[in-house]
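> Need the 3D shape of this:
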Amino acid sequence: MHKSSPLFLFRSVLSALILLTFAFVSLPVQNKSAVKLRIGNTEKEMKYYNKRGNIFISIDELSSKFGIRLNKSAGRYELKFSNSGIAFSQNNPFVVIGNEKDKKKKVYQMPLSSVTIGGELYVSAQYSKDLIAKAAESKISFQLTGGIEIPAEEKPETAEKTFPLRYKLDEKTNGTLLRISSDQNLPEFESSLKGNNLKLKLNPSGLNSGSLPGGKGMIAGLSASSFASRGEINISLDPDFASYDVIRQNPKSILITVYNKSLSESKTPAGKKEKWNFNTVVIDAGHGGKDYGAVGPNNTIEKNINLAVALKLGSLIKSRMSDVRVVYTRSTDKFVELYKRGKIANENDGKLFLSIHCNSVANRSSAPNGYEVYLLRPGRTKEAIAIAEFENSVIKYEEDVDRYKKLTDENFILVSMAHSAYMRYSEKFSEILDRSFKQKIDVTSRGVKQAGFYVLVGASMPSVLIELGYVTNAKDASYMRSENGQLQYAESIFDAVKTYRKYYEEIIKQE
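Next up, the predicted model:
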């Protein structure tokens with residue numbers, strides 16, 4: 001008889017150990033005892049997985065043994081019953097139950113996440129029982145074959161607070177307002193646009209599903225839905241829309257404005273063409289008098305820079321464009337209330353309103369730099385909002401600050417909608433000015449932005465607010481203080497005015 005070699009014996013023992021190990025690993029699912037599952041009057045035995053005393057059952061086996069349709073997609077397992085469906089996800093405690101009739105969905109959270117074993121999805125018997133019963137519209141019970149009753153689950157709680165939403169549509173001449181509100185604080189959200197579909201993604205989920213029947217103005221329709229990890233509000237826009245703004249008014253309200261393309265690209269506002277001849281430029285030197293504006297090192301004072309550039313610009317227009325009148329909101333170091341600046345522009349029938357400012361930051365060690373050009377619309381970024389708040393804070397020097405109380409985010413939207421007849425002109429001038437600055441001045445471009453500036457509210461004409469640079473940045477401040485720097489700013493703005501005038505007058509001829 002052939003004797004086994006030591007190597008042969010070692011391999012045999014190793015093989016046996018591997019097989020034994022595999023058998024132990026498989027034991028949790030292939031228990032000799034099973035779970036009896038009863039749905040209505042039908043009872044079946046199923047294998048189970050015991051994880052630290054918690055019994056898990058296979059969704060795949062549940063589907064096959066009870067003849068329940070199962071849809072699998074990207075780690076999502078949905079059992080389909082006659083009137084509803086229940087969806088579980090891999091390694092996830094969230095469960096979504098959807099009603100086929102009203103298309104409503106609700107999200108629940110189990111204390112234990114699902115697990116995947118051998119390519120099958122297992123869920124806690126204890127915590128999924130009542131949820132499956134809810135979807136199946138039938139009583140469900142589990143029992144180990146040894147006679148141990150699986151404890152009943154307490155009433156399942158929703159995964160997150162639900163947010164029953166209210167929608168209010170308000171159609172204006174130049175666009176449509178949509179207010180989305182709730183009695184509870186709405187979660188953080190992101191907005192995106194694809195084609196004519198504006199989507200708001202809320203994280204975490206929990207909003208009540210629903211829709212807004214019909215539409216109005218620039219908003220053709222709306223629907224909302226919740227998933228395991230997020231909520232979505234889908235807003236269908238009219239193909240004729242021009243642009244939109246999404247603003248969180250407060251923790252419980254989101255305001256969306258959709259502007260009308262035909263009006264925002266409208267012809268010159270009604271009236272005789274002669275009335276709209278490019279004959280007056282209003283130059284507003286920001287701050288002044290008791291209001292110093294932003295202050296930087298080396299005696300860099302915003303009000304002085306603003307006035308110097310404004311006067312140089314005015315002189316260039318007077319000498320090189322003699323048929324255009326220049327109107328200053330201030331030509332000396334005096335304080336002018338914000339509302340009066342727009343009033344001066346309107347009373348003088350201005351065709352372009354230019355408000356000149358300098359920027360700053362409280363933390364000078366960060367030292368940002370660069371110029372910015374602003375249009376009148378509520379700010380989309382925290383930085384733009386902060387800049388507007390600083391510029392608007394000059395009302396503290398005024399005798400009657402109550403006149404500004406109604407200028408909330410919503411009213412800024414209404415005001416900017418009223419300005420939409422001039423918006424394409426404001427945008428065009430901003431584009432021309434940004435290009436001119438890039439070519440002629442030694443200051444970094446921070447681009448064209450938007451924010452809610454009180455000073456632009458009252459001017460019923462194309463208008464922009466220019467932040468020349470940062471007084472808190474050493475390089476910007478030095479350039480803005482210098483006579484040469486101020487002249488180059490003025491030259492750049494003048495060149496932009498000249499180019500814009502040509503564009504503007506071409507439009508007037510066509511209309």
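
> list the buried ones in stretch 429-438?
Going by neighbour count (16 or more other C-beta atoms under 10 Å), the buried part of stretch 429-438 is F429, S430, E431, I432, L433, D434, S436, F437. (C-beta placed from N, C-alpha, C; glycine too.)

> Please save the CA atoms from the strand or helix carrying the first one in CSV.
If I follow you right, that is F429. In the assignment (DSSP states H and E), F429 maps to helix 420-440. The C-alpha coordinates for helix 420-440 follow below in CSV (Å, rounded to 0.1, in the frame of the first residue of the first chain):
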residue,chain,number,x,y,z
SER,A,420,-36.7,93.7,-16.9
ALA,A,421,-37.6,96.0,-19.8
TYR,A,422,-34.1,97.5,-19.3
MET,A,423,-32.3,94.3,-18.2
ARG,A,424,-30.9,93.4,-21.6
TYR,A,425,-29.4,96.9,-21.8
SER,A,426,-27.9,96.6,-18.3
GLU,A,427,-26.5,93.2,-19.1
LYS,A,428,-25.1,94.4,-22.4
PHE,A,429,-23.4,97.4,-20.8
SER,A,430,-22.0,95.2,-18.1
GLU,A,431,-20.5,92.8,-20.7
ILE,A,432,-18.9,95.8,-22.6
LEU,A,433,-17.6,97.3,-19.4
ASP,A,434,-16.1,94.1,-18.2
ARG,A,435,-14.3,93.7,-21.5
SER,A,436,-13.1,97.3,-21.4
PHE,A,437,-11.7,97.0,-17.9
LYS,A,438,-9.9,93.8,-18.8
GLN,A,439,-8.1,95.6,-21.6
LYS,A,440,-7.2,98.8,-19.9
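
> isn't G296 right up against K475?
No - with contact defined as C-beta atoms under 8 Å, G296 and K475 do not form a contacting pair (11.3 Å).

> neighbour-wise, which of the two wins?
Legend: neighbour count by other C-beta atoms under 10 Å for G296 and K475, higher for G296 (25 against 14).

> pLDDT at the closest residue to that one other than its chain neighbours, what is it?
Leaving aside its chain neighbours, G296 sits nearest to V471 (3.3 Å; criterion: C-beta to C-beta, 6 or more residues apart in numbering). Note on V471: pLDDT of 93.

> check contacts around V471.
A294, V295, G296, T300, I301, E302, I305, C358, N359, S360, A477, M480 (C-beta atoms under 8 Å, 6 or more residues apart in numbering).

> let's go with 6 Å and repeat that
For V471, the contact set (C-beta atoms under 6 Å, 6 or more residues apart in numbering) comprises A294, G296, T300, E302, C358, S360, A477.

> how about the fifth one, secondary structure?
Translated: C358. strand (DSSP: H, G, I helix; E, B strand; the rest coil).

> Surely it is in contact with L307?
No - applying C-beta atoms under 6 Å as the test, C358 and L307 come out as separate, 11.2 Å apart.

> Give the residue from the two that has the larger number of neighbours.
Higher neighbour count among C358 and L307: C358, with 29 against 23, using other C-beta under 10 Å.

> Can you tell me, leaving aside adjacent residues, what's nearest to that one?
C358 sits nearest to E302 (C-beta to C-beta, 6+ apart), 4.2 Å away.

> any idea how far that neighbour lies from H287?
Separation of E302 from H287 (C-beta to C-beta, to the nearest Å): 6 Å.

> In terms of pLDDT, where does V281 sit?
So, for V281, pLDDT stands at 96.

> Need phi/psi at the nearest residue to Y489 once chain neighbours are set aside.
Distance criterion C-beta to C-beta, 6+ apart; nearest residue to Y489, sequence neighbours excluded, is V309 at 4.9 Å. With angles defined as degrees, to the nearest 10, V309 sits at phi -70, psi -40.

> check contacts around V309.
I356, Q486, Y489, A490.

> at 7 Å instead, please
I356, L468, Q486, Y489, A490 (C-beta atoms under 7 Å, 6 or more residues apart in numbering).

> how about the residues you listed in CSV, adding neighbour count and distance to S460?
What follows is the contacts of V309, written out as CSV (neighbours: other C-beta atoms under 10 Å; distance: C-beta to C-beta, whole Å):
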residue, neighbour count, distance to S460
I356, 25, 20
L468, 27, 25
Q486, 22, 29
Y489, 27, 26
A490, 22, 26
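
> Name the nearest of these relative to G67.
G67 lies nearest to L468 out of the contacts of V309, by C-beta to C-beta, at 74.4 Å.

> That closest one contacts G370, correct?
No - when contacts are counted by C-beta atoms under 7 Å, L468 is not listed as touching G370 (9.7 Å).

> Can you tell me the element the closest residue in space to R320 that isn't next to it in sequence falls in?
Nearest residue to R320, sequence neighbours excluded (C-beta to C-beta, 6+ apart): F494, at 7.0 Å. Using DSSP H and E, F494 maps to helix 483-510.
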